[in-house]
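Participant: generate coordinates for the sequence data below:
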Amino acid sequence: MSQLIMLSNIDEHLDKELEKKIRQIVSEKGSTLGYIPSQYDVTKHYFNRMKPHLQRFGFDQYVYFDIDKEYEPENLDELSSCDAIYLSGGNTYYSLKNLRSRNMLCFLQDFVKTGGVLIGVSAGAMMMSPTIEVAQFLDPNDVRLADPEALNLVQLHFLPHFIDRVRMTVAVERFMTRTSIPLYVCQDRAGIVIEKGNLECYGNVRRADF
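Facilitator: Got it, this is the predicted structure:
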């Protein structure tokens, strides 16, 4: 059974029902988490900052798997044995470039197909869609990534950190005229959980229909 968790961010104010749902999934699936940072982090600053929140969900064992400067393919077996994998936030284009160059897209697709839980935060959540085209609203494409094709695990676009401002709304409306895939806009502390193809929204997240 595939289980996808798409989050805008994680902090101590995360929607309570969403946090409860994640804890339930972790208790049922297992507490070992593979952590994939979007880019090299020499001191593991962002992982260490996120770890207390991950522990709140019930995770107590971690496999840190760098896809950038310290990529070690011999650790893929250890990563594949995790109960869940976490895709961190960061620059979405840079992250996709790294995942593609390490042949990690197929790996993650297979991980989900065989029952693993995939958790994505911000850029990591956008990665689950057919493309990362919505990243244009948040990130510069400094790596000049030409192909936006991503994991294609769910037929929707996910826009995190959404704020109802006129400029943002107008830009998103224009984007929606160019795609047949539904767009979900998500404010911080909210998210989406997908199980067996069933989608549940928690907190301030909704299908965009302006």
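Participant: and Ala125, how close does it get to Glu72?
Facilitator: 25 Å (CB to CB, to the nearest Å). (Each C-beta comes from the backbone N, C-alpha and C, glycine too.)
Participant: which one's more surrounded, those two?
Facilitator: Just comparing Ala125 and Glu72: by other CB atoms under 10 Å the higher neighbour count belongs to Ala125, 28 against 10.
Participant: that one and Glu70, how far apart?
Facilitator: Spatial separation of Ala125 from Glu70 under the definition CB to CB is 24 Å.
Participant: can you give me the strands in this protein?
Facilitator: Ranges of strands within the chain are 3-7, 32-36, 61-64, 84-87, 117-121, 157-159, 183-186, 191-195, 198-202, 205-207, based on DSSP state E.
Participant: could you dump those to JSON lines with mean pLDDT?
Facilitator: JSON lines is the format used below for those (pLDDT from 0 to 100):
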{"stretch": "strand 3-7", "mean pLDDT": "98"}
{"stretch": "strand 32-36", "mean pLDDT": "98"}
{"stretch": "strand 61-64", "mean pLDDT": "98"}
{"stretch": "strand 84-87", "mean pLDDT": "98"}
{"stretch": "strand 117-121", "mean pLDDT": "98"}
{"stretch": "strand 157-159", "mean pLDDT": "97"}
{"stretch": "strand 183-186", "mean pLDDT": "96"}
{"stretch": "strand 191-195", "mean pLDDT": "97"}
{"stretch": "strand 198-202", "mean pLDDT": "97"}
{"stretch": "strand 205-207", "mean pLDDT": "95"}
